[in-house]
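Engineer: Coordinates only, no sequence provided:
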């Protein structure tokens, strides 16, 4: 059995994993992911009790009980590069023996649900609505560094998108990854089904112009007009593609639900989205507590 080198799997002196500073017993198998470390406190405020609270850099974790079920919330910071750290380290906590540095023979399947904010790309999507990502589109290129990327990607939809947008070959090749069908069914009653783009930046990659011009000023128009078998791109965010892609490769269930705080097409934004976030958190906790 392969022993993972110390340079590849870094363990802290206290036995916790390198970035998250967590030990295997610190987490539940049902995990909420949020970007903002401050939102960990917002989520855990709903818990009946908190047993674990750990923080390192942008990674903050709380584990506790909600309606008798043990749940964990972890902040990831912004971007798919951070997701690469978080998902791989969460998987290592449950599927690698950190003492022997070997894979466990029996694998545990995690449930990962990201809650975030997003900008809508279709005019009919209202501010304050909850878009559930059924398919995530990775503009970030992260999954292209892993073997078997094509096995878990919708290659037909990918090819249609490349042709429709006349994709710039200087950009990373986008990938299309589905969310967990089990989680889609669980959350469908209060969400809008969507196809979500994860961008590798907030400004240029999402078509925003401050001082720098865009390589393709028409890309957002092409994204909005893309239609594949009745499916349209619904929103932009920055993490869901890596969550879905890595979860599919590692054997976990994942889903992203975002509160729409702006509509890029109608040029409108909500002034106070915190009440919507609180409702999304409560709805999500109630659903996860049934698993």
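Structural biologist: Sure thing, it's come through. The structure presented is a predicted model; accordingly, all values stated were derived computationally and were not measured.
Engineer: What is the neighbour count of the residue lying closest to residue 153 once chain neighbours are set aside?
Structural biologist: The shortest distance from residue 153 to any non-neighbouring residue, by CB to CB, 6 or more residues apart in numbering, is to residue 175 (4.7 Å). All C-beta atoms are positioned from the backbone trio N, CA, C, and that covers glycine. Residues lying near residue 175 (other CB atoms under 10 Å) number 27.
Engineer: so what does the helix or strand bottoming out on mean pLDDT in the chain touch, helix or strand wise?
Structural biologist: Confidence across the helices and strands of the chain bottoms out at strand 268-269, with a mean of 92, counting by mean pLDDT, DSSP states H and E. Counting contacts by 3 or more CB pairs under 8 Å, 6 or more residues apart in numbering; DSSP states H and E, strand 268-269 is packed against strand 253-263.
Engineer: The strand it packs on pairs with which strands, parallel or anti?
Structural biologist: Strand pairing for strand 253-263, determined by DSSP bridges: strand 111-120 (parallel), strand 130-138 (antiparallel), strand 268-269 (antiparallel).
Engineer: Adding mean neighbour count as columns, could you present those strands in a markdown table?
Structural biologist: Shown next, in a markdown table, are these (neighbours: other CB atoms under 10 Å):
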| stretch | mean neighbour count |
| --- | --- |
| strand 111-120 | 25 |
| strand 130-138 | 25 |
| strand 268-269 | 12 |
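Engineer: thinking again about what came up before, can you give me how far the helix or strand immediately after the least confident helix or strand of the chain in the chain is from the chain middle?
Structural biologist: Sequence order places helix 274-288 as the next helix or strand after strand 268-269, per DSSP states H and E. Helix 274-288 has its C-alpha centroid displaced from the chain centroid by 16 Å (CA atoms, centre = their mean, to the nearest Å).
Engineer: tell me which residues in helix 274-288 are buried?
Structural biologist: Of the residues in helix 274-288, 276, 277, 280, 281, 283, 284, 285, 287, 288 count as buried by neighbour count, 16 or more other CB atoms under 10 Å.
Engineer: okay but the third one is in contact with residue 259, surely?
Structural biologist: The one in question is residue 280. Yes: contact between residue 280 and residue 259 holds when scored by CB atoms under 8 Å: they sit 5.5 Å apart.
Engineer: nearest spatial neighbour of residue 117, skipping sequence neighbours?
Structural biologist: Closest to residue 117 by CB to CB, 6+ apart is residue 261, at 4.8 Å.
Engineer: and that neighbour, how far is that from residue 74?
Structural biologist: From residue 261 across to residue 74, the span is 22 Å (CB to CB, to the nearest Å).
Engineer: So those two - more neighbours on which side?
Structural biologist: Just comparing residue 261 and residue 74: by other CB under 10 Å the higher neighbour count belongs to residue 74, 26 against 20.
Engineer: check which helix or strand covers the closest residue to residue 198 other than its chain neighbours.
Structural biologist: Nearest in space to residue 198, with sequence neighbours left out and distances taken as CB to CB, 6+ apart, is residue 241 at 3.6 Å. Taking DSSP H and E as the definition, residue 241 sits inside helix 240-250.
Engineer: Show me how far stretch 8-17 is from its chain's centre.
Structural biologist: On the basis of CA atoms, centre = their mean, stretch 8-17 sits 24 Å off its chain's mean C-alpha point.
Engineer: Go through that stretch and flag the buried ones.
Structural biologist: Neighbour-count burial for stretch 8-17 flags 9, 16, 17 (criterion: 16+ other CB under 10 Å).
Engineer: again, but for stretch 82-99
Structural biologist: Within stretch 82-99, the residues scored as buried using 16+ other CB under 10 Å are 82-93, 95-96, 98.
Engineer: same question, stretch 16-26
Structural biologist: Buried residues in stretch 16-26, counted by 16+ other CB under 10 Å: 16, 17, 19, 20, 21, 22, 23, 24, 26.
Engineer: And the contacts of it?
Structural biologist: Here stretch 16-26 makes contact (CB atoms under 8 Å, 6 or more residues apart in numbering) with 9-12, 14-15, 52, 54-57, 59, 61, 63, 72, 74, 85-86, 89-90, 92-94, 98.
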